[in-house]
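A.B. asks: Predicted model and sequence below, questions to follow.
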Amino acid sequence: MLKNVATIGVWTAGSRVLGFLRDILIAAQLGTGPVADAFFVALKLPNLFRRLFGEGAFNAAFVPAFTASLAGEGAGPARRLAEEVASVMVVWLGFLTLLGLLLMPLLMHLLAPGFAADPAKFALSVALSRLTFPYLMLICLSALLSGVLNGINRFAAAAATPVVFNLALIGALVLVPRDLMPRGQALAVGVTVSGMAQLGLLAIALARGGMALRLRAPRLTEGVRLVLRRMGPGIVGAGVTQINVAVDTIIASLLPAGTVSVLYYADRVNQLPLGTIGTAVATALLPLLARQVRAAAITELRATLNQAIALTLALTLPAALALMLLAEPIMLALFRHGALSGAAAAKSAAALAAYAIGLPAFVLAKVFSPGFFARGDTKTPVKIGVIAVFLNLALNLALMHPLGYLGPPLATSLAAFFNAGALAWLLARTGHFRPDRALFARIGRIFAASVAMVLLLAFTGAALRAMLPGVATDPLGAIARLAALIPLGLLAYGGAGLMFGAFDRDLLRATLARRRLKGRG
């Protein structure tokens, strides 16, 4: 599992780095103005479906069914299942895309009701959303191809395709002349073009893996019905975090102009550890748990979940604390350029700290959900998910006036803790999750190492500000601070983790030994 997590994590991290470059360009050219707000809302709807299908509901429903068919019946029946599901998806996704294009003004009233007060901004949001909406169909079909690749233990191609998305948007900003197409329209077209490219690359990877698919006449076979039954409730259960972020957008549209953009930039930074760690662990975990459930290997399943939790917290807890401590220099260094003002960067920094509070819970929910999905249980997560969505909405409404732009990210973080806690409790009641003393001891050591890292970073950061007062106010100073503090934080956490026993040394030695042998071979 660790090897697959590392493969997915490396590609996802590369995509996130390109995503930062993309967002730096967007911030420099659009800032937090009306065009930026309109584009981010236009991106939100297809992106929501991408995260729900690519990282959530579709994988939760399809991968266990495909893996079971592959293990029990062989490659032929498994390929036929994938082809049957693909044929049905093409039909209903095509209909859904056409319906969305026609009803986009109505969807915009639901997604960003506050924009209706500004007719020009509302019209621009509708126009840009119509350009990005075909991405929904393309990326959902890409999710199916990715699921097949994951099911045959080929994780690299699916993990690499988001790089194409970022390259397409960077190309739209850098290569498309302004007099040929306004920035907002160029970005929207780039979204859909990236979807075409991702689908094509995944099809090539499947052909090379000996699992090329062809479209059949659409039929609701028993296998297709099983996937669709599991996928329906899983949309909420697996994607509750993304639905909560969509709720944040709705609330943000009712707050002062620029709030949507401020929260977007903060969420983008938060998505680096969330996407890199959460997506990697969940994607690698689901096929493994599905095989263990099929073999009735409950002891091994419990051990796998405990290992995944320890790995997740070892990565997310220090990341969350570091993001809270370094939010200001991070946002200044990344986005304080061109059209983005210092005040907007400061607001995004505070929002990032609020999102970071819930980071461990966001990722733990991705670890616990596959424990249900591997057994074909999508109903339990959906029940918890519905409660979490309503809790997030209630907290948003309660906090939006006293806290303003900080209300949505804080509400999302609190709802994430409820979601992860409820999933863990219910999974433990089924007997499939049983935390042992070793796990609790490991968590305590991880916390101690993280605190040691934070104390050193806080002391060093204060010393830098005292010696060089100017570093706290400009992007170059922020970059210098991060260049000094990030390596220091990594070394401090690694050293403290080894000293306190936060890491599984036997697992590290075995991994390093395998890599040395592979290098010699």
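C.D. replies: That came through, no problem.

A.B. asks: C-alpha only now, for contacts and for neighbours.
C.D. replies: OK.

A.B. asks: Distance from the chain centre to the longest helix seen in the chain, please.
C.D. replies: Criterion DSSP state H: the longest helix present in the chain is helix 437-467. How far helix 437-467 lies from its chain's middle: 25 Å, per C-alpha atoms, centre = their mean, to the nearest Å.

A.B. asks: Return the list of helices and strands in contact with the next helix or strand after that helix.
C.D. replies: The element immediately downstream of helix 437-467 (helix or strand, assigned by DSSP states H and E) is helix 475-500. Contact partners of helix 475-500 among helices and strands, from 3 or more C-alpha pairs under 8 Å, 6 or more residues apart in numbering; DSSP states H and E: helix 327-335, helix 437-467.

A.B. asks: any idea how this protein splits into domains?
C.D. replies: If you go by automatic domain parsing, the domain ranges for the chain are 2-435, 436-521.

A.B. asks: Any chance of a markdown table for the ones you listed, columns mean neighbour count and mean pLDDT?
C.D. replies: Shown next, in a markdown table, are the domains of the chain (neighbours: other C-alpha atoms under 10 Å; pLDDT from 0 to 100):
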| stretch | mean neighbour count | mean pLDDT |
| --- | --- | --- |
| domain 2-435 | 21 | 80 |
| domain 436-521 | 16 | 76 |
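
A.B. asks: picking that back up, tell me which of the helices and strands packed on helix 475-500 lies nearest to residue 315.
C.D. replies: helix 437-467 (9.1 Å; C-alpha to C-alpha).

A.B. asks: now for the helix or strand where residue 61 lies, which elements pack on it?
C.D. replies: For residue 61, the host element (DSSP H and E) is helix 57-72. Judged by 3+ C-alpha pairs under 8 Å, 6+ apart, the packing partners of helix 57-72 are helix 75-102, helix 135-151, helix 222-238, helix 280-294, helix 359-373.

A.B. asks: now do 6 Å
C.D. replies: For helix 57-72, the packing partners by 3 or more C-alpha pairs under 6 Å, 6 or more residues apart in numbering; DSSP states H and E come out as helix 75-102, helix 222-238.

A.B. asks: can you give me the strands in the stretch 301-450 of the chain?
C.D. replies: Under the criterion DSSP state E, counting those that start in this stretch, the stretch 301-450 of the chain contains no strands.

A.B. asks: just the helices in the stretch 301-450 of the chain please.
C.D. replies: Here the stretch 301-450 of the chain has its helices, by DSSP state H, counting those that start in this stretch, at 327-335, 342-357, 359-373, 379-403, 407-429, 437-467.

A.B. asks: would you list the ones you listed in JSON lines and tack on distance to residue 126?
C.D. replies: Shown next, in JSON lines, are these (distance: least, C-alpha to C-alpha, whole Å):
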{"stretch": "helix 327-335", "distance to residue 126": "26"}
{"stretch": "helix 342-357", "distance to residue 126": "25"}
{"stretch": "helix 359-373", "distance to residue 126": "31"}
{"stretch": "helix 379-403", "distance to residue 126": "24"}
{"stretch": "helix 407-429", "distance to residue 126": "23"}
{"stretch": "helix 437-467", "distance to residue 126": "44"}
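
A.B. asks: Which residues are in contact with residue 352?
C.D. replies: Contact partners of residue 352, counting by C-alpha atoms under 6 Å, 6 or more residues apart in numbering, are residue 266.

A.B. asks: any idea how far it lies from residue 200?
C.D. replies: According to C-alpha to C-alpha, to the nearest Å, residue 352 stands 35 Å off from residue 200.

A.B. asks: swap in residue 263?
C.D. replies: 32 Å.

A.B. asks: Then residue 191?
C.D. replies: Distance from residue 191 to residue 200, counting by C-alpha to C-alpha: 15 Å.

A.B. asks: export stretch 108-125 as CSV, just CAs?
C.D. replies: What follows is stretch 108-125 as a C-alpha-only set of coordinates in CSV (Å, rounded to 0.1, in the frame of the first residue of the first chain):
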residue,chain,number,x,y,z
MET,A,108,-26.3,29.9,-11.0
HIS,A,109,-29.2,31.1,-8.8
LEU,A,110,-28.6,28.0,-6.7
LEU,A,111,-24.8,28.0,-6.7
ALA,A,112,-24.2,31.8,-6.3
PRO,A,113,-27.4,33.5,-5.3
GLY,A,114,-25.6,36.6,-4.2
PHE,A,115,-24.4,37.3,-7.8
ALA,A,116,-28.0,38.1,-8.9
ALA,A,117,-27.6,41.6,-7.3
ASP,A,118,-25.0,42.4,-10.0
PRO,A,119,-26.6,41.6,-13.5
ALA,A,120,-23.3,41.9,-15.4
LYS,A,121,-21.4,39.6,-13.0
PHE,A,122,-24.3,37.1,-13.0
ALA,A,123,-24.4,37.1,-16.8
LEU,A,124,-20.6,36.6,-17.0
SER,A,125,-20.9,33.7,-14.6
